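In: my questions concern the predicted model and sequence given below.
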Amino acid sequence: MVSHLPLLRALTYEVIIGFKNQKVYNQFVLMVEKVVVGQLATNCYLVTDDKSRETLVIDPGDDAELIINRVRDLELKPKQIVVTHGHFDHLLAVNELKTAFEIPFLLSRKDEVMLVWFRKSTQHFVGFDPGPAPIVDAYLRRKIQVFDIKFKIIETPGHTPGGICLYLKEKNILFSGDTIFAEGAVGRTDYPYCNKNDLSESIKKLMRLPDDTLVYPGHGEETTIGQEKMFHRMQK
Ligand SMILES: [Zn+2]
């Protein structure tokens, strides 16, 4: 196992080291591997606990083969799939990953309705038939536990009715889906099920997180809450 670490580190997008002052048993190294997938360049994240190699898959938005190969190359053990919201470009690879790794797919209850449009939206926007929508195995609640880590689920409706962000307080990281992106960009709200007011409330909620929170968005580059606060203030 140890012999693979240099390889993993080299390929890993970000390595976050445990806090120095905590007791040894509390230390964990979390690795965040970004795989950009599909025609809409969605960020799929493989969030892995260094010790157990157990992985949370966030937003596998297409290119199942690419994701599966990355998992195999890095010798990861996927445990769950969490999708930040019900848009097809965040879940096109869910069915294949569920089959390949025999793991559950979690989504917020309020976004399950979005799956009705999965097939049609995919055909309309990217021009192929993805087959039936994946079946939700469990609904996201307030927290989810993967390996020894509890991720807080922050409800951030607006872009979709049941959009969520995943927040890991100990490491100060946020997976923001399509709620916020770098440089003040935010999720689109021009579909009938969107809600602009809800989105601005959701953004306010995120802006209350610590400034040094590292944000991994659903598309594009990483940012921090502090950086985004500046952009949102400028836009007012
Ligand atoms: Zn979206």
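Out: Here it is on my side, so go on.
In: so the residue nearest to the spatial centre of the chain bridges to which residues?
Out: Among the residues of the chain, the one closest to the centroid is residue 58, at 3.8 Å (Cα atoms, centre = their mean). Counting by DSSP bridges, residue 58 forms beta bridges with residue 45, residue 82.
In: which residues does it contact?
Out: Listed by Cβ atoms under 8 Å, 6 or more residues apart in numbering, the contact set of residue 58 reads 44-47, 81-84, 166, 175. The C-beta positions use only the backbone N, C-alpha and C, and glycine is treated the same way.
In: any buried residues in stretch 69-85, and which?
Out: For stretch 69-85, a neighbour-count test (16 or more other Cβ atoms under 10 Å) marks 70-71, 74, 76, 78-85 as buried.
In: okay, how far is it across that stretch, tip to tip?
Out: Chord length of stretch 69-85, first to last residue, is 24 Å (Cα to Cα, to the nearest Å).
In: avg pLDDT for it?
Out: The predicted model assigns stretch 69-85 a mean pLDDT of 96.
In: how about it and the ion, any contact?
Out: No: Stretch 69-85 is not in contact with the ion by Cβ under 5 Å from the ion; minimum separation 5.5 Å.
In: so residue 77 makes contact with residue 51?
Out: No: the criterion here is Cβ atoms under 8 Å, and residue 77 misses it with residue 51 at 11.4 Å.
In: please enumerate the strands of the protein.
Out: Along the chain, counting by DSSP state E, strands occupy 14-16, 30-37, 42-49, 54-58, 77-82, 105-107, 138-139, 143-146, 149-155, 164-168, 173-177, 214-217, 223-224.
In: now tabulate those in CSV and tack on distance to residue 99.
Out: Formatted as CSV, the strands of the chain follow (distance: least, Cβ to Cβ, whole Å):
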stretch, distance to residue 99
strand 14-16, 29
strand 30-37, 17
strand 42-49, 17
strand 54-58, 13
strand 77-82, 11
strand 105-107, 11
strand 138-139, 17
strand 143-146, 20
strand 149-155, 24
strand 164-168, 24
strand 173-177, 24
strand 214-217, 26
strand 223-224, 34
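In: any idea how far residue 142 is from the closest residue to residue 185 other than its chain neighbours?
Out: Leaving aside its chain neighbours, residue 185 sits nearest to residue 220 (7.4 Å; criterion: Cβ to Cβ, 6 or more residues apart in numbering). In this view, residue 220 and residue 142 are 28 Å apart by Cβ to Cβ, to the nearest Å.
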